[in-house]
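Enquirer: Have a look at this fold, sequence not included:
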C-alpha cells in the first residue's frame, strides 16, 4: 500500500490551449494498439448492460468510431448514441443530456475542450480540415440527475490525409444476434463493421434482407419489428468510396440475426424433460424470472428463477401445453416486467424405462461440513480432502430396458479418481475414463427391474475459493432406440483456498499549503466502517487466533527526488487515545479469536494512522512511504 501527500505552491489553475498549427505530413498507418496506448481525458464508461434492450446502467449504445481516415477538405461526423438506465429515465424523465467534446493533438499529451463554435457541446461532432492533421477525441455526457450522471465515450482518432484510400475488405458483426419482437418491447442494437486497411477513407452503408422483420439505419442501428413477426434476417455492410466505376464488385460483409419472442417451442419424447431457455444475452444477476404454463386454458406458475426452465418428465397429456416467462428487471427502488411469447411443448410417444436416481456426497477427511439433510452440499472443502459420491439407480418398469448405458459425473477441475465400486465390487480402470473433467463409466445397462449402487471415491487437488455443482446422470438408449437420460440431485462443493488474503488500501493525507511543527494531520479517507483500510478474505478452514503486524518500511520520500525526506512520522492511535510511533516500533493488533472469521479493519476518525510533523521546514511536492501488514499467526 502507498501513502500519498501533495503540497501545492498555490491554488491557481492554468489553462493551456493547443497549438492550432499542429499537423502531420503523412497518413499515419495506425493500428488498434496505437489508439489503445493513448491516455484518455477520462476513463471511458463501460458498455451498459441491457435486458431486452432495457438499459441497466448509463453508457454509450454507439461509440464514436475508433479510427477514422478522411481526405483533407472533406467533412466527417463523429456520431454517438448514449442513454441513462431505464430506471433513471423513468424517475428523472425531465433531465436532458449535456455534451462536451475534448480533443488531443497528435504530438501533445494535453486534452482541450472543443469550443461551442466548433460544435463541442453537440451530440455529434462534425470535423473538417484543410491540412494534414491527426487528433484524438473523447465525449463527456452529463445528466443533471440526483446524483449527477456523467459518462465518457471511448477515444476516437480522426486523421486527415491528402489521398483517398479504398477498402480492400470489410468485416461486420453484432454482439447479440437475437432481437425481441414484442409489442411492448422491440429490441434494437448497433452493429459494427471494420474496414481493411485500417486507414481506409471509405464509408459504410447498411441494408436488411427483410425490413418487415428488422430494419437497419445508416448508422448500423438494427431495430426489430413490434408486430411479433419472427424469422431470420441478413444484415449487410458495404464499403462505399470515391470510385464510382460500375464494373467494380462491391466490398461487403454480412451476418445473420434472429427475431423472435424470446422462447422457442420444444419437442420431446414421452418421459423426457424439455428445456425452455430465454434467448439473447441476459445477465442472470440483473433479473428474476417467473415461469408459467398454460394448460387447458389455465395459467399455472411453475418456477420462480433462472433463465431456463426444465419441465418435469413429459407425458402425452402434456402435448400442446404452452410455456412463457415473466422477466422482472430489478432495481433498488424500481422494477419492470417483460413477457416472452408463448412456446409450445410437443410430446411424442415412446417406451422408456422408469428409473429412479438417488445420490449423495460426503467428505471422508473432514466431518461436520454437510449442509442439508439430503447430503448433497459440502462446505469448507480444501485440497487433500477425500470426497465420496454415492448413487443408487433402479428401474421400476419391467417392460423397458436401458441399453448402452453410461454413468456420467462432472468433476471439479483438480479432482482425481481414487477408486470406483459398483454393487460393492471394485471395477477395472478400463471400464471408466476421465476427459475434460467428466467421469464416464460404461457398461451401465439395466434390463427390466434392476438396482445398482455406484460409489466413486475422489481426491481433491489444490483449491481456491469457489463453488462447484455436479449433477450426475445416467444415459443410454431405451427400448424404442430413443436416447434416454435421468439426472440425480445436484451435488454442491463449496471450496476454500485455506488461505488468508489481506488487501491493503492507500492512505491519503491530502494537500497542505502550510504546516507547523508538531502539527498532527488527519487522514482524508478510511474514517468510518464503510471504508476499510484492510480488506480480509478469510478462507481458512481452521480458524486460529490471529495477530497482525503493521510496520512502516521507509521514510516519507519526495516522489521526484528520493533523497528529499519529509520531516514527519506516522502514529497509530488506539481507541483509548494512546499511540505508537511507527518510526520507532511496529504495531501489533490482535484480531479474530479462535473459530472466528477475521473481519475487515476499519478506523474511526480518532483512531488509526495520523501524520505528525517534526518540523515545518520541508520542500513542496508529493511524498510517499510504504506500509506493510504482516500475518503473524493465522493458519
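Expert: Structure received. Values in this document were obtained by computation on a predicted structure and should not be read as measured data.
Enquirer: any chance you could map the strands in the stretch 101-250 of the chain?
Expert: Secondary structure of the stretch 101-250 of the chain, counting by DSSP state E, counting those that start in this stretch: strands at 112-113, 125-128, 133-143, 149-152, 156-161, 169-173, 178-180, 188-190, 192-196, 203-208, 214-216, 221-224, 231-240.
Enquirer: what do you get for the stretch 451-600 of the chain?
Expert: Using DSSP E, counting those that start in this stretch, strands in the stretch 451-600 of the chain cover 466-470, 473-477, 483-487, 491-495, 500-504, 507-511, 520-521, 534-538, 547-552, 557-558, 568-573, 579-581, 587-590.
Enquirer: Tell me which of those strands lies nearest to residue 459.
Expert: Proximity of the strands of the stretch 451-600 of the chain to residue 459 was assessed by C-beta to C-beta; the nearest stretch is strand 491-495, lying at 13.2 Å. To be clear about C-beta, it is placed using only N, CA and C from the backbone, and glycine gets the same treatment.
Enquirer: could you check the angle strand 466-470 makes with that closest one?
Expert: In terms of direction (axes from the mean of the first three to the mean of the last three C-alpha atoms, to 10 degrees), strand 491-495 departs from strand 466-470 by 160 degrees.
Enquirer: elements contacting strand 491-495?
Expert: Secondary-structure packing of strand 491-495 (3 or more C-beta pairs under 8 Å, 6 or more residues apart in numbering; DSSP states H and E): strand 355-363, strand 377-381, strand 466-470.
Enquirer: pLDDT weak spots in the stretch 301-450 of the chain?
Expert: The stretch 301-450 of the chain contains residues with pLDDT under 70 at 316, 331-335, 349-350, 368-372, 398-399.
Enquirer: quick one: contacts for residue 619?
Expert: Under the criterion of C-beta atoms under 8 Å, 6 or more residues apart in numbering, the contact partners of residue 619 comprise 558, 564.
Enquirer: where does it land in three-state SS?
Expert: Here residue 619 is recorded as coil under DSSP: H, G, I helix; E, B strand; the rest coil.
Enquirer: tally of neighbours for the spatially closest residue to residue 123 that is not a sequence neighbour?
Expert: With C-beta to C-beta, 6 or more residues apart in numbering as the criterion, residue 123 has its nearest non-adjacent residue at 5.4 Å, and that residue is residue 99. Residues contacting residue 99 under the criterion other C-beta atoms under 10 Å number 19.
Enquirer: go on, residue 353?
Expert: Other residues near residue 353 come to 27 when the count uses other C-beta under 10 Å.
Enquirer: That one belongs to a helix?
Expert: No - read with three-state DSSP, residue 353 is coil and lies in no helix.
Enquirer: Against residue 257, how distant is it?
Expert: Between residue 353 and residue 257 the computed distance is 42 Å (C-beta to C-beta, to the nearest Å).
Enquirer: now swap in residue 128 and tell me
Expert: From residue 128 across to residue 257, the span is 35 Å (C-beta to C-beta).
Enquirer: neighbour-wise, which of the two wins?
Expert: In terms of neighbours (other C-beta under 10 Å), residue 257 is the more surrounded of residue 128 and residue 257; the figures are 23 against 13.
Enquirer: that's a strand at that one, yeah?
Expert: Yes - in this structure, residue 257 lies within a strand as judged by three-state DSSP.
Enquirer: Not counting its neighbours along the chain, what's nearest it?
Expert: residue 177 (4.8 Å).
Enquirer: what's the neighbour count on the one you found?
Expert: 20.
Enquirer: mind listing what it touches?
Expert: Under the contact definition (C-beta under 8 Å, 6+ apart), the residues listed for residue 177 are 255-258.
Enquirer: quick one: which of the residues you listed is most hemmed in?
Expert: When neighbours are counted by other C-beta under 10 Å, residue 257 leads the contacts of residue 177 with 23 neighbours.
Enquirer: dump the residue contacts of it.
Expert: 174, 177-179, 214, 222, 232-233, 235.
Enquirer: So in terms of bridging, what pairs with it?
Expert: The bridge-partner assignment for residue 257, based on DSSP bridges, gives residue 233.
Enquirer: Now do stretch 221-235: distance from first to last residue.
Expert: For stretch 221-235, the first and last residues are 11 Å from each other (C-alpha to C-alpha, to the nearest Å).
Enquirer: tell me which residues in that stretch are buried?
Expert: Neighbour counts using 16 or more other C-beta atoms under 10 Å place 221-225, 230, 233, 235 of stretch 221-235 among the buried residues.
Enquirer: Pull the residues that contact that stretch.
Expert: With contact meaning C-beta under 8 Å, 6+ apart, stretch 221-235 is reached by 62, 81, 172, 174, 179-183, 186-191, 206-210, 212-217, 254-261, 341.
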